[in-house]
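Peer 1: predicted model and sequence follow; I will ask about them next.
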Amino acid sequence: MSATVPVSLPAPARVGRLGRLWPQPDAAWCPGWCRAGGARLWLGLNLAVMLGYLGLGCAVGRFFAAYGLFPSPIWLPAGLAAVAAMLGGWRLAPGLFAGSFLVNAIAFGSRPELAALISLGNMLGPLAGATLTRRFRPATGLFTRFGGVIAFLAGAVLLHAGLTAMGGTLAMWLLGDAPPQALPGIFSGWLLCDAGGTFYFAPSLALWLGVERTPSAPQGAGLRLLDGSVWLGTALLALVVFELDLPPRLPSAQLVFLLAVPLSWIALRISLRAAYSLLTLLCVIASAGTVAGHGPFQGEAVDNPMQSVGLLIVLCGMNILTLLALVSERREAELALAEANHLLERRVAERTAELRRLADTDALTGLANRRSFLAQAQAALQRAAGAGRPFALLAFDLDHFKAINDGAGHAGGDLVLRRVAECCMARLRRQDLLGRLGGEEFAIALPETDFAEAEHIAERMRAVLASIRLPAGAPAEHLSASFGLALARAGEARLEDLLRRADAALYAAKHAGRDQVRVAG
């Protein structure tokens, strides 16, 4: 292990500058189980990354080495490194470095200085790839937009693999482990090895750990058995095809690419996590079987069996990633459209209700205006006439209101009108209806009210209005009003006739000296 590379958790002061260069855990990639984690959590995650990298590297390296393939054509630890960089950024760099160092030293027998230089590239490559991927990651998730899929391929797969391949190739050249003419081949092989491992393994691991959200399709309980059967059947079919010695041309190499169909089914019907987990399993099965000499890619017509396996996995992976990203875009667009329509309908309803309220309300006092009052009072009178119940109408007019406006100004007059509305509303019953007919004239509809009770209400309203103090400049200290009361006759259902009689009584009160109640004959 190089002495210049820290293996303990860096203090916040030491991470400050590096934190601006390399991705730190954020709400987008940091799942709930590690968002509030302290030093112990990150120490444990570093240990897990180191052991995971070591275990995967030793298993993959020794498996392929047993068949004469060194280094391995698919490097699954690169997928683990990509997810660790997404999850923890620089905080998990020590675990990445230590895991890579141990793999190179133990599994591949590299010298310490070579293992350290290679591990430095294996640490910086995933961090840089995660930075680029996060820069272009859609807010809704990496795999829910086609642009997110491109960001994953460009950053987590290609940039990551390119930097690790470059670092490893330069390390071998600087330390004299490879001649210059071999460097292009080493670089290209390393690039494909790490890119393949990241592409095959990183998405399923990120989805299972919650580093990325998995877009899932709604499904009923009755369909789960069918979907599970398709998943298991596809895995068993891959085992049969790639692990058993079947008769020649059964199946043909071309037919194997139809595995993309059930993978697409699973992605659309279950979730991307289920589909990509199956794809990772198919990658392991196909690679192991092909290296062992089994499967449809071992025929004479196939020049490079492992290249055909790679094409199969890339085709299936790109198919499900692209398909589900496009479907997710459509679903989210439909949801956004539905929400926009719902919001628009709600705003239209609110605006319509507001316009209706404004159309039915007197702007100054907040009472029902003339049109609204007459319509409501007419309906109440018809109900009372139909049921044979009493109904009374009280009309009143503020005395000397022009003099109040002249003395106190229109602002003072408006204040008086609002005060009248407040005082009357506070003392009326729930079934009573108060409205402003215009100017200083008001009316009160009194359903279920006989003559004696209506007269009592009228006198009470007169006393209430008389308690209102007038503003400075008014002709008097207190307000007064003249009232006209009319009681509906048996079967009378025309509010116009009742209002005419109440107005006549009102004007009789004014002519008799104002500030009194008169009853219509």
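Peer 2: Perfect, thanks for sending it. None of the values given here were measured: they were computed from a predicted structure.

Peer 1: going by C-alpha atoms from here, please, whenever you check contacts or count neighbours.
Peer 2: Will do.

Peer 1: how long is stretch 481-500 end to end?
Peer 2: End-to-end span of stretch 481-500 (CA to CA, to the nearest Å): 18 Å.

Peer 1: next, the buried residues of it.
Peer 2: For stretch 481-500, burial by neighbour count (16 or more other CA atoms under 10 Å) applies to 481-488, 492-493, 495, 498-499.

Peer 1: so can I have CSV of the residues you listed showing distance to S328, secondary structure and pLDDT?
Peer 2: What follows is the buried residues of stretch 481-500, written out as CSV (distance: CA to CA, whole Å; DSSP: H, G, I helix; E, B strand; the rest coil; pLDDT from 0 to 100):
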residue, distance to S328, secondary structure, pLDDT
A481, 70, strand, 96
S482, 71, strand, 96
F483, 70, strand, 97
G484, 70, strand, 96
L485, 69, strand, 96
A486, 69, strand, 96
L487, 69, strand, 95
A488, 67, coil, 94
E492, 66, coil, 90
A493, 63, coil, 90
L495, 62, helix, 94
L498, 66, helix, 95
L499, 65, helix, 95
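
Peer 1: show me this protein divided up by domain.
Peer 2: Listed by automatic domain parsing, the domain ranges of the chain are 24-213, 217-327, 370-519.

Peer 1: pick the most deeply packed of those.
Peer 2: Of the domains of the chain, the one with the most neighbours on average (mean count of other CA atoms under 10 Å) is domain 24-213, at a mean of 21.

Peer 1: any idea how far that one is from the chain center?
Peer 2: Remark: domain 24-213 is offset 30 Å from the chain centroid, using CA atoms, centre = their mean, to the nearest Å.

Peer 1: what does stretch 341-361 give?
Peer 2: 27 Å.

Peer 1: stretch 418-430 too?
Peer 2: That offset, for stretch 418-430, works out to 47 Å (CA atoms, centre = their mean).

Peer 1: residues in contact with that stretch?
Peer 2: 364-367, 434, 461, 464-465, 468 (CA atoms under 8 Å, 6 or more residues apart in numbering).

Peer 1: closest to W75 among those?
Peer 2: Comparing the contacts of stretch 418-430 against W75 with CA to CA places G366 closest, at 75.8 Å.

Peer 1: part of a helix, is that closest one?
Peer 2: No. Under DSSP: H, G, I helix; E, B strand; the rest coil, G366 sits outside any helix and is assigned coil.

Peer 1: counting neighbours, what do you get for it?
Peer 2: 16 (other CA atoms under 10 Å).

Peer 1: check contacts around it.
Peer 2: When contacts are counted by CA under 8 Å, 6+ apart, G366 is found next to A421.

Peer 1: quick check on it: phi, psi?
Peer 2: Backbone torsions of G366, given as degrees, to the nearest 10, read phi 80, psi 0.

Peer 1: report the longest helix in the chain, please.
Peer 2: helix 305-360 (DSSP state H).

Peer 1: now the strands for the stretch 351-500 of the chain?
Peer 2: 391-398, 433-438, 441-447, 481-487 (DSSP state E, counting those that start in this stretch).

Peer 1: determine the number of other residues adjacent to A338.
Peer 2: Neighbours of A338 (other CA under 10 Å): 12.

Peer 1: what score does it have for pLDDT?
Peer 2: What the model reports as pLDDT for A338 is 88.

Peer 1: likewise the one 4 residues further on?
Peer 2: The predicted local distance difference test score for H342 is 91.

Peer 1: run a quick neighbour tally on it.
Peer 2: Counted with other CA under 10 Å, residues neighbouring H342 total 12.

Peer 1: one step back: identify whichever of the strands of the stretch 351-500 of the chain lies nearest to A336.
Peer 2: strand 433-438 (44.2 Å).

Peer 1: ok, D503 - contacts?
Peer 2: D503 touches 395, 484, counting by CA under 8 Å, 6+ apart.

Peer 1: look at the spatially most central residue of the chain and tell me its secondary structure.
Peer 2: Residue closest to the average C-alpha location in the chain (CA atoms, centre = their mean): T140, at 7.2 Å. Under three-state DSSP, T140 falls in the coil class.

Peer 1: show the pLDDT at it.
Peer 2: 80.

Peer 1: what are the phi and psi values at it?
Peer 2: phi -80, psi -10.

Peer 1: what's the average pLDDT for stretch 418-429?
Peer 2: Mean predicted lDDT for stretch 418-429 stands at 94.

Peer 1: low-confidence regions, the stretch 401-521 of the chain specifically.
Peer 2: Judged by pLDDT under 70, the stretch 401-521 of the chain has no weakly predicted residues.

Peer 1: once you drop chain neighbours, what's closest to L159?
Peer 2: Closest residue in space to L159, ignoring its immediate chain neighbours: G129 at 5.3 Å, by CA to CA, 6 or more residues apart in numbering.

Peer 1: the one you found falls within a helix, correct?
Peer 2: Yes. Looking at G129 with three-state DSSP, it is inside a helix.

Peer 1: so F146 touches A325, yeah?
Peer 2: Yes. F146 is in contact with A325 according to CA atoms under 8 Å; the separation is 5.2 Å.

Peer 1: show me what the helix or strand containing L205 is packed up against.
Peer 2: Using DSSP states H and E, L205 sits within helix 183-209. Under the contact definition 3 or more CA pairs under 8 Å, 6 or more residues apart in numbering; DSSP states H and E, helix 183-209 sits against helix 77-88, helix 160-174, helix 272-291, helix 305-360.

Peer 1: please repeat the previous calculation with a cut-off of 6 Å.
Peer 2: Helix 183-209 sits against helix 77-88, helix 160-174, helix 272-291, with contacts defined as 3 or more CA pairs under 6 Å, 6 or more residues apart in numbering; DSSP states H and E.

Peer 1: pick out the shakiest of the ones you listed, pLDDT-wise.
Peer 2: helix 272-291 (a mean of 86).

Peer 1: wait, what's in contact with W75?
Peer 2: 193-194, 197 (CA atoms under 6 Å, 6 or more residues apart in numbering).

Peer 1: repeat that for 8 Å
Peer 2: 57, 60, 193-194, 196-198 are the contacts of W75 under CA under 8 Å, 6+ apart.

Peer 1: residues contacting P31?
Peer 2: 209-211.

Peer 1: apply 7 Å and report the result again.
Peer 2: Neighbour list for P31: 210-211 [criterion: CA atoms under 7 Å, 6 or more residues apart in numbering].

Peer 1: equivalent analysis for A171, please.
Peer 2: With CA under 7 Å, 6+ apart, A171 has these contacts: 114, 117-118.

Peer 1: so which of those are in helices?
Peer 2: Per DSSP H, the subset of the contacts of A171 in helices is 114, 117-118.
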